[in-house]
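Asker: Everything below, folded, please.
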Amino acid sequence: MHPDSLLTVRGLTKTFSGVKALDGVQLDLRKGEVHALMGENGAGKSTFMKILVGLHKPDAGEIFFEGRELNTRDVSDVLKKGISMIHQELLVVPELTVAQNIFLGRESNRGLFGWIDEKKLNREAGALLTQMGVTISPTTPIKYLSVAEMQMVEIAKALSNNAKVIIMDEPTSALSDKEVATLFGLIRDLKQKGVAIIYISHKMDEIFDISDTITVLRDGKYIDTKPAMELDTNTLIKLMVGREIENLFPDSVVKKGAEVLSVKNLRRNGKFSNINFAVRAGEVLGLAGLMGAGRTEIARAIFGLDPLDGGEIYLHGKQLIIKTPQDAIQHGIGYVSEDRKGLGFIPGMSVKHNITLGSLPKHAKGPFIQDQSETAAAATMITDLRIKTAGPDQKVTFLSGGNQQKVVIGKVLLSSPELVMLDEPTRGIDIGAKFEIYKLIRRLVADGIAVILISSELPEILGLSDRILVLSQGQQTALLTKEEATQETIMRYAVHH
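Answerer: This is a model prediction of the structure:
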């Protein structure tokens, strides 16, 4: 054990229903270190973290914290010892204030009746936030904060527990570039104070930007630990997936067909204006820009989810009037939302029912659904898209993020679209599943479908798009060919006012 070790894990094993989720996992975390934990979905990262914070009990293995064996498996006890976790789904109480959320369950009482000392709470929360360099009022109800600000409150909560180890699970999944920079500044301050951070993310650029050390898990097994500076993206991917993905973005030699969709002077007040573009059969048009640039809003308006205040939409040269998503689907326009859980699928329903949800009239005779027809259509999609599922009747909530995304894409494809809009199609899914989605996009264009791709990951936009429309604050600032586009060029136009 290294003298600077805060947390040492040896031989950690955990089995659920006869399946080994963890098999002999190890980790050595040192003071003031950002230690990235990498692996595809299903690699065992979540199970490992749940054991560390006392949510699960391991079947075998040892955990040492500050040189002593950590035997307790009680969440509050682990918290008191100094291990905190900031979950991907933020655990905040919207109606309570910032200060009340920070000290929830640990409030100071005063007086005969044990009233909560709100002044003291606000004072201590204020001091903590100031120390972090964050300008959030401790008396503001949490529901009025942005996701990034809620993230900062969660970090303040961890620090108020005198956290020596903070586990961050996908902390930037909903943050803008500016907010990510603030978070990383805070992480660097925490490092200076000797706080150790276990950092989980699928974003490669972040991992190399912020981490000192990287540990890789694959299929529940420990693979390797290396200093971040000794690795590059390709080597890391190889460690994670057990094979080289030589070309992450499959080459496209698809001949472009006729114009499918064109828009003229699209406008939605306060969101975007003067938007003009066209997309052809077999073409991927990338929409790039910073968060808040208007990319999602344009897709939602074309699909009939939000009303337009002006402009025209044409399909094969004929003007369309789209008032609802049903209108869009009938005209052959499909949309895969960035909000998988909210707008993509219904968690309690089966894979089969989710896939066929958008095209039920095709499988009905009168008011009755033909089960055979529905099952056959779902089975074809499961095979074609290589959806890993126990069967068509398995609930979609039990699939991995990548397979859930394929279910959503399958639902859209069953309605036989001519144009598919994909909004952040690989957000929160691992590198192997991303590769599958990339191949799927290539197959769509090979079948003559026009694709509009919205992504915050520039390598994805550059690797898949034939042309790239760049947006800044609701205005289009450039339309670039594949040859003209570089990360620097896109960023220059994305911050153009």
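
Asker: how about Ala485, phi and psi?
Answerer: Note on Ala485: backbone dihedrals following degrees, to the nearest 10 are phi -80, psi 130.

Asker: To clarify, my last question referred to Met168.
Answerer: The phi/psi pair for Met168 (degrees, to the nearest 10) is phi -110, psi 120.

Asker: contacting residues for it?
Answerer: Contact partners of Met168, counting by C-beta atoms under 8 Å, 6 or more residues apart in numbering, are 86, 197-200. Yep, even glycine has a C-beta here, placed from its N, CA and C like the rest.

Asker: 10 Å instead, please
Answerer: 34, 36-37, 49, 84-88, 151, 154-155, 158, 183, 187, 197-201, 210 (C-beta atoms under 10 Å, 6 or more residues apart in numbering).

Asker: Restricted to helices, list those.
Answerer: Of the contacts of Met168, the ones assigned to helices by DSSP state H are 49, 151, 154-155, 158, 183, 187, 210.

Asker: Spatially, which two of those residues are the most separated?
Answerer: The largest separation in these, counting by C-beta to C-beta, is between Met49 and Leu183 at 18.6 Å.

Asker: in the sheet, who's paired with the closest residue to Lys81 other than its chain neighbours?
Answerer: Spatial nearest neighbour of Lys81, chain neighbours left out: Phe65 (6.2 Å); criterion: C-beta to C-beta, 6 or more residues apart in numbering. As for beta bridges, Phe65 partners with Leu7, Arg68 under DSSP bridges.

Asker: isn't Phe65 right next to Gly82, touching?
Answerer: Yes. Phe65 is in contact with Gly82 according to C-beta atoms under 10 Å; the separation is 7.8 Å.

Asker: so what sits against both of the two?
Answerer: Contacts common to Phe65 and Gly82, judged by C-beta under 10 Å, 6+ apart, are 6-7, 164-165.

Asker: Buried ones among those residues?
Answerer: 6-7, 164-165 (16 or more other C-beta atoms under 10 Å).

Asker: Columns distance to Lys388 on top of these, output as TSV?
Answerer: Converted to TSV, the buried ones among the shared contacts of Phe65 and Gly82 look like this (distance: C-beta to C-beta, whole Å):
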residue	distance to Lys388
Leu6	37
Leu7	33
Lys164	39
Val165	33
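
Asker: out of these, what pair is the most spread apart?
Answerer: Leu7 and Lys164 (8.6 Å).

Asker: joint contacts of those two?
Answerer: Common neighbours of Leu7 and Lys164, counting by C-beta under 10 Å, 6+ apart, are 29, 31, 65-66, 82-83, 196.

Asker: Run through the stretch 1-150 of the chain and note the low-pLDDT ranges.
Answerer: 1-3, 41, 72-73, 88-90, 105-116 (pLDDT under 70).

Asker: can you map out the helices along it?
Answerer: 45-52, 75-81, 98-102, 118-131, 147-160 (DSSP state H, counting those that start in this stretch).

Asker: returning to that earlier point: go through the buried ones among the shared contacts of Phe65 and Gly82 and name the one nearest Ile346.
Answerer: Among these, Val165 lies closest to Ile346 (C-beta to C-beta), at 37.4 Å.

Asker: how close does that closest one get to Thr8?
Answerer: Val165 sits 12 Å away from Thr8, going by C-beta to C-beta, to the nearest Å.

Asker: Could you do Gly282 as well?
Answerer: In terms of C-beta to C-beta, Gly282 sits 54 Å off from Thr8.

Asker: What is the burial count for the residue nearest to Lys81?
Answerer: By other C-beta atoms under 10 Å, the residues close to Phe65 number 21.

Asker: How about Pro459?
Answerer: 14.

Asker: which residues sit in contact with it?
Answerer: 204-205, 233, 248-249, 487.

Asker: For it, pull up the helix or strand it's in.
Answerer: For Pro459, the host element (DSSP states H and E) is helix 458-464.

Asker: Please, where are all the helices along the stretch 251-400 of the chain?
Answerer: 295-302, 325-330, 351-356, 371-384.

Asker: can I see the domain layout of the protein?
Answerer: 5-241, 259-494 (automatic domain parsing).

Asker: Make a markdown table out of those and add distance to Val253.
Answerer: Below are the domains of the chain laid out as a markdown table (distance: least, C-beta to C-beta, whole Å):
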| stretch | distance to Val253 |
| --- | --- |
| domain 5-241 | 24 |
| domain 259-494 | 9 |
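
Asker: The host helix or strand of Gly432 - contacts with which helices or strands?
Answerer: Assigned by DSSP H and E, Gly432 belongs to helix 431-446. Contacts defined by 3 or more C-beta pairs under 10 Å, 6 or more residues apart in numbering; DSSP states H and E place helix 431-446 against helix 233-241, strand 284-288, helix 401-413, strand 419-423, strand 450-454, helix 458-464.

Asker: what's the closest non-adjacent residue to Gly317?
Answerer: Glu259 (7.3 Å).

Asker: residues contacting the one you found?
Answerer: When contacts are counted by C-beta under 10 Å, 6+ apart, Glu259 touches 278-281, 283, 314-317, 450.

Asker: got a winner among those residues for most neighbours?
Answerer: Each of the contacts of Glu259 was scored for neighbours by other C-beta under 10 Å, and Ala450 scores highest at 28 neighbours.

Asker: Excluding sequence neighbours, find me the nearest residue to that one.
Answerer: Val260 (4.0 Å).

Asker: Check the gap between that neighbour and Ala156 for me.
Answerer: According to C-beta to C-beta, Val260 and Ala156 sit 49 Å apart.

Asker: cool, and Gly332?
Answerer: To Ala156, Gly332 is 49 Å away according to C-beta to C-beta.

Asker: More neighbours: those two, which one.
Answerer: Per other C-beta under 10 Å, whichever of Gly332 and Ala156 has more neighbours is Ala156, with 23 against 19.

Asker: Excluding residues flanking it in the chain, which one is nearest Leu231?
Answerer: Ile214 is the one closest to Leu231 (C-beta to C-beta, 6+ apart), at 6.1 Å.

Asker: other SSEs contacting the helix or strand that contains the one you found?
Answerer: Here Ile214 sits within strand 213-218, counting by DSSP H and E. Contact partners of strand 213-218 among helices and strands, from 3+ C-beta pairs under 10 Å, 6+ apart: strand 19-30, strand 34-38, helix 45-52, strand 196-200, strand 221-227, helix 233-241.

Asker: now the angle from that strand to helix 233-241?
Answerer: Strand 213-218 and helix 233-241 are oriented at 40 degrees to each other (axes from the mean of the first three to the mean of the last three C-alpha atoms, to 10 degrees).

Asker: Could you check how far strand 213-218 is from the centre of its chain?
Answerer: Distance of strand 213-218 from its chain centroid, counting by C-alpha atoms, centre = their mean, to the nearest Å, is 19 Å.

Asker: quick one: buried residues of that strand?
Answerer: Of the residues in strand 213-218, those buried (16+ other C-beta under 10 Å) are 213-218.

Asker: Pairing partners for that strand, with directions?
Answerer: According to DSSP bridges, strand 213-218 has these partners: strand 34-38 (parallel), strand 221-227 (antiparallel).

Asker: if we can go back for a sec, of all the shared contacts of Phe65 and Gly82, which comes closest to Pro171?
Answerer: Minimum distance to Pro171 across the shared contacts of Phe65 and Gly82 is 14.7 Å, recorded for Val165 (C-beta to C-beta).

Asker: in the sheet, who's paired with the closest one?
Answerer: Under DSSP bridges, the beta-bridge partners of Val165 are Ile83, Ala196.

Asker: Could you double-check that it lies in contact with Ile197?
Answerer: Yes. If you go by C-beta under 10 Å, Val165 and Ile197 touch, sitting 7.5 Å apart.

Asker: Please enumerate the shared neighbours of those two.
Answerer: Shared contacts of Val165 and Ile197, defined by C-beta under 10 Å, 6+ apart, comprise 29, 33, 35, 158.
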